[in-house]
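1. Fold the following for me, if possible:
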Amino acid sequence: MKIKVMGSLLHFGDREIYMIEESIDLAEELVTAYFNISSEEWRNCYYELKTLEHLSQVEITDKAFAQICKYECVKEKDSSPPLFFDLYRICLQDNKILNAVKRSLNRIELKPLMLYIVTHELSHVVRFNKYFKDFSASPEEKEWEEANVHSITYEMLKSMKDRGLTRVLDHYRSYRLELG
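-> Now for the predicted structure:
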């Protein structure tokens, strides 16, 4: 694993970026199937994923492996009226993720952890877009939503037969709601 150090923070190297790209592809498939998302709905779901190297200061947090920032954007077309849309930026915190893998007592591996993180964050993005969940909800509502999305993420990933992923799912057990 080749990791870059910029300032005092660890950053993903090329190998980790490749793992993230693979995780995005698989996570999009899982989220599409789980939420029954059409191609048209994906076209209207504006999101991007950025690593620490490309984040602004307000997008960096020490509280999570990733956070979502919401931006209100305008897309101006030729002669038609401007199109207003929300862009959700998934902000990966490379240093937090890499340190967690390095210090993991449960032998958490980067690839399954990245799949969990990306699937989890994409689920939030879809819920904000498709189900109109309130991005600016109260702390109590956000806490419930976070636990609910951990449960949804588990439902999407539990049937995958991967020992590393099983360790990640076990790690997040206490974060989930009981869905029923």
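2. Report the separation between Ile90 and Ser159.
-> In this view, Ile90 and Ser159 are 24 Å apart by Cβ to Cβ, to the nearest Å. Just so you know, the C-beta spots here come from the backbone N, C-alpha and C atoms, and that holds for glycine as well.
3. Okay, and the residue nearest to the spatial centre of the chain sits in which element?
-> Nearest to the geometric centre of the chain sits Glu121, at 2.6 Å (Cα atoms, centre = their mean). Using DSSP states H and E, Glu121 falls within helix 110-130.
4. Mind giving me the packing neighbours of that helix?
-> Where contact means 3 or more Cβ pairs under 8 Å, 6 or more residues apart in numbering; DSSP states H and E, helix 110-130 is packed against helix 14-35, strand 46-50, strand 66-75, strand 83-92, helix 94-103, helix 139-157, helix 163-171.
5. Recalculate using a threshold of 7 Å.
-> In this structure, helix 110-130 packs against helix 14-35, strand 66-75, strand 83-92, helix 94-103, helix 139-157, helix 163-171, with contacts taken as 3 or more Cβ pairs under 7 Å, 6 or more residues apart in numbering; DSSP states H and E.
6. angle of that helix against strand 83-92?
-> Relative orientation of helix 110-130 versus strand 83-92 (axes from the mean of the first three to the mean of the last three Cα atoms, to 10 degrees): 160 degrees.
7. which parts of helix 110-130 are buried?
-> 110-129 (16 or more other Cβ atoms under 10 Å).
8. same question, stretch 49-60
-> Buried-residue list, stretch 49-60, by 16+ other Cβ under 10 Å: 49, 51-52, 55, 59.
9. From the opening residue of that stretch to its closing one, how far?
-> With Cα to Cα, to the nearest Å applied, stretch 49-60 spans 13 Å between its terminal residues.
10. From the chain's centroid, how far away is it?
-> Its chain's C-alpha centre and that of stretch 49-60 lie 13 Å apart, by Cα atoms, centre = their mean, to the nearest Å.
11. what sits up against that stretch?
-> Stretch 49-60 is contacted from outside by 6, 9, 11-12, 24, 69, 89-95, using Cβ atoms under 7 Å, 6 or more residues apart in numbering.
12. go on, stretch 170-177?
-> By Cβ under 7 Å, 6+ apart, stretch 170-177 touches 106, 108, 147-148, 150-151, 154.
13. Good, we can wrap up now.
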